[in-house]
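**Q** sequence isn't available, so here's the structure alone:
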């Protein structure tokens, strides 16, 4: 069982790290679009933003439902990143127990 569980936990750990970067890219792109630094009329920018949004919205939408309205400030990505870090820590501790 350790032969499968160790690499599986390692894969999940790295996928969570990659997803954290996708969330950060989503936040940065939304800021750049909001301040008109990049434009969605560019097909490449629109494609990247669409992919990043489709990857992050399934986890951000439930968090936004429970967050209080803070006006124009959306802190749901911060909460999601904290939850992802927590999950990575749990997985790392499980992997250390397995050996």
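**A** Right, received. Where do you want to start? Just so we're clear, the structure is a prediction, and the values are computed from it rather than from any experiment.
**Q** what are the boundaries of the strands in this structure?
**A** With DSSP state E, there are no strands along the chain.
**Q** quick one: the helices in this protein?
**A** Here the chain has its helices, by DSSP state H, at 2-34, 43-66, 76-98.
**Q** how far away is the closest residue in space to residue 75 that isn't next to it in sequence from residue 30?
**A** Leaving aside its sequence neighbours, residue 75 sits nearest to residue 67 (C-beta to C-beta, 6 or more residues apart in numbering; 6.8 Å). Placement of C-beta: from N, CA and C, glycine included. For residue 67, the distance to residue 30 (C-beta to C-beta, to the nearest Å) stands at 16 Å.
**Q** quick one: which of those two has more around it?
**A** Counted by other C-beta atoms under 10 Å, residue 67 and residue 30 do not tie: residue 30 has more neighbours, with 16 against 13.
**Q** okay, that one: pLDDT?
**A** pLDDT recorded at residue 30 is 94.
**Q** need the contact list for it.
**A** Under the criterion of C-beta atoms under 8 Å, 6 or more residues apart in numbering, residue 30 has no contact partners.
**Q** residue 25 too?
**A** Residue 25 makes contact with residue 52 under the criterion C-beta under 8 Å, 6+ apart.
**Q** same check, this time on the one 4 residues further on
**A** Residues counted as contacts of residue 29 (C-beta under 8 Å, 6+ apart) are 38, 45, 48-49, 52.
**Q** again with residue 13
**A** 88, 91-92, 95.
**Q** ChimeraX command to pick out the buried ones of those residues?
**A** To isolate in ChimeraX the members of the contacts of residue 13 that are buried, counting by 16 or more other C-beta atoms under 10 Å, one can use:
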select :88,91,95
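**Q** could you export the contacts of residue 13 as CSV, including pLDDT and distance to residue 82?
**A** Shown next, in CSV, are the contacts of residue 13 (pLDDT from 0 to 100; distance: C-beta to C-beta, whole Å):
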residue, pLDDT, distance to residue 82
88, 97, 11
91, 95, 15
92, 94, 16
95, 88, 21
